[in-house]
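> Any chance you can model this:
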Amino acid sequence: MSTAPPGLPVARDGRPVVMGVVNVTPDSFSDGGQWFQPEDAVRHGRELRAQGADVLDVGGESTRPGAERPSEAEELRRVLPVVAALSEVSPVSVDTMRATVAAAALDAGATLVNDVSGGLADPDMAPLVAERGVPFVAMHWRGHSLDMQSRASYDDVVADVCRELGGRAEALLAAGVAADGLVLDPGFGFAKLAPDNWALLRHLDAVLGLGHPVLVGTSRKKFLGLVGREGREERPPLERDVATAVTTAHAARAGAWGLRVHDVVAAVDALDVTEALRGSDGD
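Sure thing, here's the model as predicted:
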């Protein structure tokens with residue numbers, strides 16, 4: 001299993017780190033608006049921590065397909081008070097594509113930057129992360145949410161994603177990002193159709209083969225709402241937690257470093273079952 005980067009907790013017994021999602025947005029696909037007010041987001045984050053989250057991932061910009069970006073000032077207004085409050089009770093990551101927001105969040109207590117663009121959206125992001133010496137999650141990304149699904153065209157999705165993500169990792173290391181602080185995310189649901197996501201899940205070993213810890217974020221994604229629903233309406237986001245738990249167990253077995261989830265209770269249960277199935281010999 002990949003080792004944990006500096007600055008992040010290591011889950012017990014080598015289990016994947018559980019990253020609980022705290023969306024401070026009015027328009028996220030899964031729970032938009034539910035935790036938009038800072039006091040609600042802080043309360044929710046504390047609940048996720050009590051349920052077993054190792055890290056709380058605070059984001060102020062929705063990245064659902066078709067979403068428009070908030071202004072920098074609005075993103076700062078959303079995330080900073082939440083980061084400051086939650087960093088008193090938990091390690092906190094900031095989910096942002098803006099270096100200015102990342103810097104302010106780090107000053108407010110965050111210890112990790114989670115950038116769905118992998119540093120491509122803002123040329124100042126990699127230098128900032130290198131200067132601060134903090135862990136960095138770089139996701140496979142082909143463009144902003146407004147039109148990203150139009151970019152879901154691959155010759156071989158596993159090979160293409162690994163090549164593009166591997167190239168991004170090389171660029172980040174060349175920019176000074178620490179090798180032992182770089183986490184890769186194959187970007188489930190970002191510029192990917194359902195068959196692409198399933199192929200990547202089946203071949204997580206190829207992503208792990210890039211040599212860095214891997215974060216898996218399938219939670220409540222559209223492809224889980226579609227599975228088994230041919231001829232019927234897809235499951236809404238809040239009804240995708242069972243399917244998410246199955247992918248959580250699969251990712252744990254494959255050797256993922258971390259799991260980004262909305263339902264922490266279900267994720268912890270899935271990891272408990274996975275651990276029990278392994279048995280004492282770990283096979």
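> Wait, Ala152 touches Ala191, no?
Yes - Ala152 lies in contact with Ala191 (C-beta atoms under 8 Å); the separation is 4.9 Å. In this view, the C-beta of every residue, glycine as well, is placed from N, C-alpha and C.
> and Asn23, how far is that from Val94?
Per C-beta to C-beta, to the nearest Å, Asn23 is found 13 Å from Val94.
> Tell me, how many residues neighbour the residue lying closest to Val161 once chain neighbours are set aside?
Nearest non-adjacent residue to Val161, counting by C-beta to C-beta, 6 or more residues apart in numbering: His140, 5.2 Å away. By the measure other C-beta atoms under 10 Å, the count of residues near His140 is 24.
> Look up how far Ala121 lies from His140.
His140 is 13 Å from Ala121, by C-beta to C-beta.
> How about Ala73?
Distance, Ala73 to Ala121, using C-beta to C-beta: 17 Å.
> and if you look at Asp185?
In this view, Asp185 and Ala121 are 14 Å apart by C-beta to C-beta.
> Which of those two has more residues huddled nearby?
Just comparing Asp185 and Ala121: by other C-beta under 10 Å the higher neighbour count belongs to Asp185, 25 against 17.
> Pretty sure that one sits against Phe136.
No - the pair Asp185 / Phe136 is not scored as a contact, 10.6 Å apart, by C-beta under 8 Å.
> contacting residues around Met125?
Neighbouring residues of Met125 by C-beta atoms under 8 Å, 6 or more residues apart in numbering: Met97, Arg98, Ala99, Ala102, Val113, Asp115, Ser117, Gly119.
> what's the neighbour count on the closest residue to Asp122 other than its chain neighbours?
Among residues not flanking Asp122 along the chain, Ala99 sits closest, at 4.9 Å (C-beta to C-beta, 6+ apart). Under the neighbour criterion other C-beta under 10 Å, Ala99 is assigned a count of 20.
> Using CSV, write out every CA atom in the longest helix seen in the chain.
With DSSP state H setting the assignment, residue counts place helix 157-174 as the longest helix in the chain. C-alpha atoms of helix 157-174 as CSV (Å, rounded to 0.1, in the frame of the first residue of the first chain):
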residue,chain,number,x,y,z
VAL,A,157,-9.3,5.6,-20.9
VAL,A,158,-7.0,3.8,-18.5
ALA,A,159,-3.8,4.3,-20.6
ASP,A,160,-4.8,7.9,-21.4
VAL,A,161,-5.6,8.9,-17.9
CYS,A,162,-2.4,7.3,-16.6
ARG,A,163,-0.3,9.0,-19.2
GLU,A,164,-1.9,12.4,-18.6
LEU,A,165,-1.9,12.1,-14.8
GLY,A,166,1.7,10.8,-14.9
GLY,A,167,2.8,13.8,-17.0
ARG,A,168,1.1,16.1,-14.6
ALA,A,169,2.9,14.5,-11.7
GLU,A,170,6.2,15.0,-13.4
ALA,A,171,5.5,18.7,-14.0
LEU,A,172,4.5,19.2,-10.4
LEU,A,173,7.7,17.5,-9.2
ALA,A,174,9.7,19.7,-11.5
